[in-house]
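In: Structure of the sequence below:
(one chain, ligands or ions: 1)
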Amino acid sequence: MNWRESARCRGTDPELFFPIGSGTSFPTLVQSDEAKAVCARCPVSRQCLEWALDAPVEGIWGGTTETERRELRRRRA
Ligand code: SF4
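Out: Residues are numbered from 1 along each chain as shown. Below you'll find the model as predicted:
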């Protein structure tokens, strides 16, 4: 079974996971936190994060922002 089939975000408005604006603006941080709260309850968050680390994408994946994933990649290198 593909891990995406168990994704908690299925049926959620996808726009929630793609905050617009500066990564440090208040609305962007609030939206990011809302998306991360969904990820925190997701049974496949680990698989999602590994996928996002291997296939750089925008938005919130595996409970992380692009900036956080960039840092994770840097630490792994
Ligand atoms: S970790 Fe977040 S973005 Fe990834 S599948 Fe789960 S809910 Fe969706």
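In: Once you drop chain neighbours, what's closest to Ser6?
Out: Val44 (4.9 Å; Cβ to Cβ, 6 or more residues apart in numbering). Any C-beta I mention is one placed from the backbone N, CA and C, and that applies to glycine too.
In: Check the gap between Ile30 and the ligand for me.
Out: Not Ile; residue 30 is Val. 17 Å (Cβ to the nearest ligand atom, to the nearest Å).
In: ok so, going back, quick one: contacts for the residue nearest to Ser6?
Out: Taking Cβ atoms under 8 Å, 6 or more residues apart in numbering as the contact definition, Val44 lies against 3-4, 6-8.
In: Could you export the residues you listed as JSON lines, including neighbour count and secondary structure?
Out: Below are the contacts of Val44 laid out as JSON lines (neighbours: other Cβ atoms under 10 Å; DSSP: H, G, I helix; E, B strand; the rest coil):
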{"residue": "Trp3", "neighbour count": "15", "secondary structure": "helix"}
{"residue": "Arg4", "neighbour count": "12", "secondary structure": "helix"}
{"residue": "Ser6", "neighbour count": "13", "secondary structure": "helix"}
{"residue": "Ala7", "neighbour count": "18", "secondary structure": "coil"}
{"residue": "Arg8", "neighbour count": "16", "secondary structure": "coil"}
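In: Now do the residue nearest to Ser6, the pLDDT please.
Out: pLDDT recorded at Val44 is 98.
In: Gly21 too?
Out: The model's pLDDT for Gly21 equals 77.
In: what's the answer for Phe26, then?
Out: Phe26 carries a pLDDT value of 91.
In: out of the contacts of Val44, who's near the ligand?
Out: Applying Cβ under 6 Å from any ligand atom to the contacts of Val44, one finds that 7-8 fall near the ligand.
In: can you redo the contacts of Val44 as TSV with distance to Ala37 and pLDDT?
Out: What follows is the contacts of Val44, written out as TSV (distance: Cβ to Cβ, whole Å; pLDDT from 0 to 100):
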residue	distance to Ala37	pLDDT
Trp3	20	95
Arg4	19	95
Ser6	18	97
Ala7	15	98
Arg8	10	97
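In: Noted, bye for now.
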